[in-house]
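> structure, please.
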Amino acid sequence: MVFVKFHKKCSGKRAISPVISTVIMTGAMIAILSVALVFANDLLWSRVAEGEFDSSKQFMQSVGLQIDDVAWTAGRTETISYASQYGDAMLEQDVLSYTVSVGTTEGTHDFLSSTGALMFNLPTYRYSISDGYWSRLFPEEDESLILTGTSAPIARVFEVEKVPMTGGDYIRVVVAPSIRVLSSSINSSSTNTYYIRMYLPVLISGDSSGISQSITLTGESVQAYTLNNVEDITITVNFPSDDFNSDFFRFPGDNPFFLDFSTFYSEYDNVVLELYLSEVSVGFGV
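Sure thing, here's the model as predicted:
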C-alpha cells in the first residue's frame, strides 16, 4: 500500500507581500510629494514677497521726489498708487525732531520742527534679510546731516530691518525728510550779500479711507523766515521714539552740524538765512 502525502500550498502569504509593498511605496511617494509641494509653495510666495519689496524701493524713491513737488506750493496734490499683497505704507508720526539754531549779531534764534517719516512695511515672516540690515537707496552720495546743491533731494530713502519693535517685526523702506541747503551770493557796487536757503518738509497725517493702495500728498502751508547778519547755524536732529532712534535712521556726519560764517564778513557785508518750513499732509487710500 502506497501512501501519498499531500502538501497544501500556502499562497496567501506570498500574495500579500506585493500589496504591502505597493501601499508603502504609494505612501512614501505621497509624503515626498507633500513635502515638495509645501517647499515649492513657500518658495513661490517668498519670491512674490521679495518681488514686492524690490518694487517698493523704486516706489518709495518716487514718493520722496513727489514730496518735493508738492511741498512748496500750498494746495498742490499728488497721488501715487502701489500694489502689494503683503506690504503696506504708513506714516510714523513725529519720529524726527529738527532744531535750527541761528546765531546773529542781535542774538540767537531757534526753530523747532517735528516731522513724521513714510514707511513701506513688509512682515519679516514673509520676507527677511537679517536683523540689523541697513542700506542707503537715495541719494547715492550722502556724507552730511544736510543735503546740499540744487539737485539735492529733501528726503533720504533707505531700507532697514530691525527686530523686535513695538509696532511689529518688519523689513522697511523709509522716506525720511531732511534739510536741503542752497547757497548763492549777490555782488554789487553797493553791497555784497551771501544767501543761505534751507528747506525742510514736515510730514503730517492726512485723510485715510483705505479704499485703495495709494499715498496722497498735499502741500498744506509754507512758512518762510528771514534772518540777517548771520554768524553761525547749528542743525540738530533728535529721535523722540525709542524704536525709531539714531541707529534706525543712521544719518551721516556730525549731529549737531555746525556752520560758521564769521570769516565771511571779510568778503561779504551780510549773510542772510532764508528758512522754509512746509507742512505736507499724507493720506492713504484717498
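> buried residues of the helix or strand that contains residue 224, list them for me.
Per DSSP states H and E: residue 224 is located in strand 214-227. Residues 214, 215, 216, 217, 218, 219, 220, 222, 227 are the ones in strand 214-227 that count as buried (16 or more other Cβ atoms under 10 Å). Just so you know, the C-beta spots here come from the backbone N, C-alpha and C atoms, and that holds for glycine as well.
> same thing with stretch 110-122?
111, 113, 114, 115, 116, 117, 118, 119, 120, 121, 122.
> want to throw the residues you listed into CSV with distance to residue 275?
Listed next are these as CSV, based on distance: Cβ to Cβ, whole Å:
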residue, distance to residue 275
111, 6
113, 10
114, 16
115, 14
116, 20
117, 21
118, 23
119, 27
120, 30
121, 32
122, 36
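> tell me the one of the buried residues of strand 214-227 nearest residue 180?
Here the nearest of the buried residues of strand 214-227 to residue 180, counting by Cβ to Cβ, is residue 222; it sits at 14.1 Å.
> now the buried residues of strand 214-227 as TSV including distance to residue 274?
Below are these laid out as TSV (distance: Cβ to Cβ, whole Å):
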residue	distance to residue 274
214	34
215	29
216	29
217	23
218	24
219	18
220	20
222	12
227	8
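> and which of these is nearest residue 132?
For these, with residue 132 as the reference and Cβ to Cβ as the criterion, the closest is residue 215, at 27.6 Å.
> OK, contacts around the closest one?
Residue 215 makes contacts with 63, 79, 80, 82, 89, 118, 282, 283, 284, as judged by Cβ atoms under 8 Å, 6 or more residues apart in numbering.
> what residues are bridge-paired with it?
Taking DSSP bridges as the rule, residue 215 bridges to residue 80, residue 284.
> what's the answer for the one 10 residues further on, then?
Beta-bridge partners for residue 225, by DSSP bridges, are residue 275.
> over to residue 193?
Under the criterion used (DSSP bridges), residue 193 bridges to residue 186, residue 270.
> would you mind giving the buried residues of stretch 110-122 as CSV with distance to residue 68, secondary structure and pLDDT added?
As requested, the buried residues of stretch 110-122 are exported to CSV (distance: Cβ to Cβ, whole Å; DSSP: H, G, I helix; E, B strand; the rest coil; pLDDT from 0 to 100):
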residue, distance to residue 68, secondary structure, pLDDT
111, 20, strand, 97
113, 17, strand, 95
114, 20, strand, 97
115, 14, strand, 98
116, 16, strand, 97
117, 15, strand, 98
118, 13, strand, 97
119, 18, strand, 97
120, 18, strand, 96
121, 23, strand, 95
122, 25, strand, 94
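> and the most centrally placed residue in the chain, what is it in contact with?
In the chain, the residue lying closest to the centroid (Cα atoms, centre = their mean) is residue 174, at 0.7 Å. Residues in contact with residue 174, defined by Cβ under 8 Å, 6+ apart, are 60, 117, 118, 119, 120, 156, 157, 158, 159, 160, 249.
> contacts only, for the closest residue to the third one other than its chain neighbours.
The shortest distance from residue 118 to any residue other than its chain neighbours is 4.1 Å, reached at residue 175 (Cβ to Cβ, 6 or more residues apart in numbering). Residue 175 makes contact with 60, 63, 64, 67, 117, 118, 119, 155, 156, 157 under the criterion Cβ under 8 Å, 6+ apart.
> does the last one touch residue 58 like I think?
Put plainly, it is residue 157. No: using Cβ atoms under 8 Å, residue 157 is not in contact with residue 58; the gap is 9.9 Å.
> who has more neighbours, those two?
Remark: of residue 157 and residue 58, residue 157 carries more neighbours, 22 against 14, as counted by other Cβ atoms under 10 Å.
> so where does that one fall, helix or strand?
strand 155-161.
> strand partners (parallel or antiparallel) of the next helix-or-strand element following that strand?
Once strand 155-161 ends, the next helix or strand along the chain (criterion: DSSP H and E) is strand 170-177. Strand pairing for strand 170-177, using DSSP bridges, gives strand 107-123 (antiparallel), strand 155-161 (antiparallel).
> CA atoms only: put stretch 132-144 into PDB for me.
Output in PDB follows, covering the C-alpha atoms of stretch 132-144 (Å, rounded to 0.1, in the frame of the first residue of the first chain):
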ATOM      1  CA  GLY A 132      20.200  94.800  11.800                       C
ATOM      2  CA  TYR A 133      20.300  95.100   8.000                       C
ATOM      3  CA  TRP A 134      20.600  98.700   6.700                       C
ATOM      4  CA  SER A 135      21.200 100.000   3.200                       C
ATOM      5  CA  ARG A 136      21.000 103.500   1.700                       C
ATOM      6  CA  LEU A 137      19.000 103.800  -1.500                       C
ATOM      7  CA  PHE A 138      18.900 107.500  -2.300                       C
ATOM      8  CA  PRO A 139      20.800 109.800  -2.600                       C
ATOM      9  CA  GLU A 140      23.900 107.800  -3.500                       C
ATOM     10  CA  GLU A 141      26.300 110.400  -2.100                       C
ATOM     11  CA  ASP A 142      25.400 111.200   1.400                       C
ATOM     12  CA  GLU A 143      28.100 112.400   3.800                       C
ATOM     13  CA  SER A 144      26.500 115.100   5.900                       C
END
